[in-house]
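*Asks:* task: produce atomic coordinates for the following.
(2 chains)
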Amino acid sequence: MPVITLPDGAERRFDEAVTGFDVAESISKSLAKKALAIRLDGELFDLDHTIEDDARLEVVTRTDEDGLDLIRHDAAHLLAQAVKNLFPETQVTIGPVIEDGFYYDFSRKTPFSTEDFEAIEAEMKRLVDEDLPTRREVVSRDEAAKRFEAQGEHYKAEIVRDLPEGEEIKVYHHGDWYDLCRGPHLPSTKHIGKAFKLMKLAGAYWRGDSRNEMLHRIYGTAWSNEKDLKAHLHRLEEAERRDHRKLAREMDLFHLQEEAQGSVFWHPKGYVMWRALEDYLRRRLDDDGYAEVKTPQLLDQKLWEASGHWGKYAQNMFVVPDAVPDTESGGPLFPEGVDDARLLAIKPMNCPAHVQIFRQGTKSYRDLPLRMSEFGCCHRNEPTGALHGIMRVRQFTQDDAHIFCRWDQIVAETQKFCDLASSVYRDLGFEDVRIALATRPEQRIGSDEEWDRMESALGEALTSAGLDYDVLEGEGAFYAPKLEYHLRDAIGRSWQCGTLQLDPLLPERLDASYVDEDGAKKRPVMLHRAIFGSMERFLGILIEDAAGRLPLWLSPVQVVVATITTDANGYAEEAAEALRKAGLRVETDLRNEKVGYKVREHSAAKVPVIAVVGGREAEERQVSIRRLGSKQSVTMSLDEAAAELCNEATPPDLRSK
RNA sequence: GCCGCUGUAGCUCAGUGGUAGAGCGCACCCUUGGUAAGGGUGAGGCCGAGAGUUCAAUUCUCUCCAGCGGCACCA
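*Replies:* Numbers count the residues shown, from 1 in each chain, chains lettered A, B, ... in the order given. Okay, here's the model as predicted:
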């Protein structure tokens, strides 16, 4: 005699076991029609699931978040069914729901082509129209494995065999087609609707392991209605419009070319941005007690062996023989071969070099904490497939620093760093910042007591800094836990930028020590930390976040003085000079073009302020200020404009608050 | 590194088994125009690199390189 409690607290009594559909129907006919599934005591079930005991029940419809996931899940199955109908030789594997949609991985000899999408989508829509009802069947493990094997679905059979013992094995039928699935599913294919679209093709390894076969993945997006689908496609266009590579061309910030794969050519305008950002952070670090250093690019193999990087990362390092190449004989560059004892590596990170500075002279506990920072240019030989614009490059500059401290200083130092990082992100307009604490991984060194101590130190620091954080179980480094900062940008994408990593290992390996109060030599702990991560990547994020419309203090060109007629040229030069004197980055546009044309061009180049001058302005010593994105212009005196813009162009840390 | 797609003028992109086209940009001329495109003329291309098929390859095939989208990786 189940008693069903509805979300509003109302209770319904039934004389016998009922299905989710019965409950929905007892509420209203229209709800029964819209119902996709039910949530019983928090867990999702098929609509025809039989309820025998008392439970809290919610009816899931397509407007719920759960409903949308169900639609996407069914769309993935629908995709598999359509593909099997059209290409029977294909083997199906898995097809989960992901953000904004779903994918399905297939195994087959010949790859799909995006030209197949049209036919597949048409078949999917046909199956929706057929309104195939969902039928659930529970089968034994052997039966399921046998069935899939018999059909040549070896991947499915493998999945069945790997399911944990005791798990109920369910097969869902839609017409002739069936698939292994934990469910739940919509009542029939009609409920999926047609607001879906196949998006792209990609390769993906079976079970995410690069030693396995590469499968063919089809990505799709699915929504509860046509309008949401359109909005999603529009967002994608928006993201494309913001692409930092595209904006960099339009704004003349930087370029990349084959001869320097994965390294950036910063143009004057891009480098102005870089400098503004670097100068800003340098001031912040100076204020926070960091001492800036500069360390060598080329360091001997021996040092990398000692630090442990050689063993683990040699393949990702650029290694340079310290030998004179033979360019005369036409033979091999190094005819004698390369002597292992004379190999140098371009640094992939700064920490071993920082330890070398720490090791100079004797350090006392009085010197700790010692905060050593560097805008350190590093090189890593990233796999070609990983390179992406300036977001993932082979040469990058870390806003790196290492804090050498005692164990009892970890909490205070972490807290200090968190305060700084939060303040920097706020200054740069990132309000939505998530912090994650990555804890002990399975493969690790050190005792559980040490891990307890390290994890609680970081947690305590976050708590006392008043910060919420997520815990990423098992994601820490093998020697210590770490913090990660994730920033959400203007269109909702998340970027991991800042990090703080506790490291007791490197001081040990590179023999860094200090003399403590009691006169004993002790090991300091190192905190590796960065706020931007990489200058290149962070600038890319800033560009995309702002869609090129950077805040005035970061804009490469802050003001363009544009003339209406050549008669105003003299005054335009004078006005530009006055603005430059006020500390602004100013260009003039004296070309023989109409002012509308000039406005269009500079607006496209994302220049934040256009100061238009014509005969009237020249006479009155005024400028007509037009802001990027505004259709109106404001005329004011040159002095007034200089003062206002100069104030606005002040970096956030120098502004009087 | 793996899978797929792409590579034609500075940029965005058409196109063809008989060595090329548009728009924008650029140069020059006319125009001096009040807030997102005034008009004209002109220059500009080893059709990513190499090999093969062919009388003939930018076009077809193969290899390589790079870019793009994913996967794997990211100290």
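*Asks:* surely A:His185 meets A:Arg72?
*Replies:* No - between A:His185 and A:Arg72 there is no contact under C-beta atoms under 8 Å: 11.8 Å. Where C-beta positions appear, they are placed from N, C-alpha and C, glycine not excepted.
*Asks:* so where do the helices sit in the stretch 201-350 of chain A?
*Replies:* Here the stretch 201-350 of chain A has its helices, by DSSP state H, counting those that start in this stretch, at A:226-241, A:244-251, A:268-287, A:301-307, A:309-313.
*Asks:* let me fix that, I meant to ask about the stretch 451-600 of chain A.
*Replies:* A:505-509, A:535-545, A:569-581, A:595-604.
*Asks:* for A:Asp64, which of these is the nearest?
*Replies:* A:Asp64 lies closest, by C-beta to C-beta, to one member of these: helix A:535-545, at 30.8 Å.
*Asks:* relative orientation of the closest one and helix A:226-241 in degrees?
*Replies:* Relative orientation of helix A:535-545 versus helix A:226-241 (axes from the mean of the first three to the mean of the last three C-alpha atoms, to 10 degrees): 140 degrees.
*Asks:* alpha carbons of helix A:535-545, in PDB - could you do that?
*Replies:* The C-alpha trace of helix A:535-545 is given here as PDB (Å, rounded to 0.1, in the frame of the first residue of the first chain):
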ATOM      1  CA  MET A 535      51.200  34.700 -19.500                       C
ATOM      2  CA  GLU A 536      50.300  33.600 -23.000                       C
ATOM      3  CA  ARG A 537      47.400  31.500 -22.000                       C
ATOM      4  CA  PHE A 538      46.100  34.100 -19.500                       C
ATOM      5  CA  LEU A 539      46.200  36.800 -22.100                       C
ATOM      6  CA  GLY A 540      44.300  34.500 -24.400                       C
ATOM      7  CA  ILE A 541      41.700  34.000 -21.800                       C
ATOM      8  CA  LEU A 542      41.500  37.800 -21.100                       C
ATOM      9  CA  ILE A 543      41.000  38.400 -24.900                       C
ATOM     10  CA  GLU A 544      38.300  35.800 -25.200                       C
ATOM     11  CA  ASP A 545      36.600  36.800 -21.900                       C
END
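*Asks:* centre of the chain to that helix, how far?
*Replies:* Per C-alpha atoms, centre = their mean, to the nearest Å, the displacement of helix A:535-545 from the mean C-alpha position of its chain is 11 Å.
*Asks:* what does that helix rub up against?
*Replies:* For helix A:535-545, the external contacting residues (C-beta atoms under 8 Å, 6 or more residues apart in numbering) are A:239, A:242-244, A:247-248, A:253, A:264, A:270, A:273-274, A:277-278, A:375, A:389-393, A:396-399, A:428-430, A:487, A:489-490, A:495, A:497, A:532, A:550, A:554.
*Asks:* RNA strand B is nearest to which of the helices of the stretch 201-350 of chain A?
*Replies:* Of all the helices of the stretch 201-350 of chain A, helix A:309-313 sits nearest to RNA strand B, with 3.1 Å by C-beta to the nearest atom of the strand.
*Asks:* so for that closest one, mean pLDDT?
*Replies:* Helix A:309-313 carries an average pLDDT of 92.
*Asks:* packing partners for it?
*Replies:* With contacts taken as 3 or more C-beta pairs under 8 Å, 6 or more residues apart in numbering; DSSP states H and E, helix A:309-313 sits against helix A:301-307.
*Asks:* nearest the geometric middle of chain A, what residue?
*Replies:* For chain A, the residue nearest the mean C-alpha position is A:Trp495 (3.3 Å; C-alpha atoms, centre = their mean).
*Asks:* show me the contacts for that residue.
*Replies:* A:Trp495 neighbours (C-beta under 8 Å, 6+ apart): A:486-489, A:541.
*Asks:* sorry, back to before: as JSON lines, the helices of the stretch 451-600 of chain A with mean pLDDT and distance to A:Lys156 would be great.
*Replies:* Shown next, in JSON lines, are the helices of the stretch 451-600 of chain A (pLDDT from 0 to 100; distance: least, C-beta to C-beta, whole Å):
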{"stretch": "helix A:505-509", "mean pLDDT": "95", "distance to A:Lys156": "44"}
{"stretch": "helix A:535-545", "mean pLDDT": "96", "distance to A:Lys156": "40"}
{"stretch": "helix A:569-581", "mean pLDDT": "96", "distance to A:Lys156": "69"}
{"stretch": "helix A:595-604", "mean pLDDT": "94", "distance to A:Lys156": "53"}
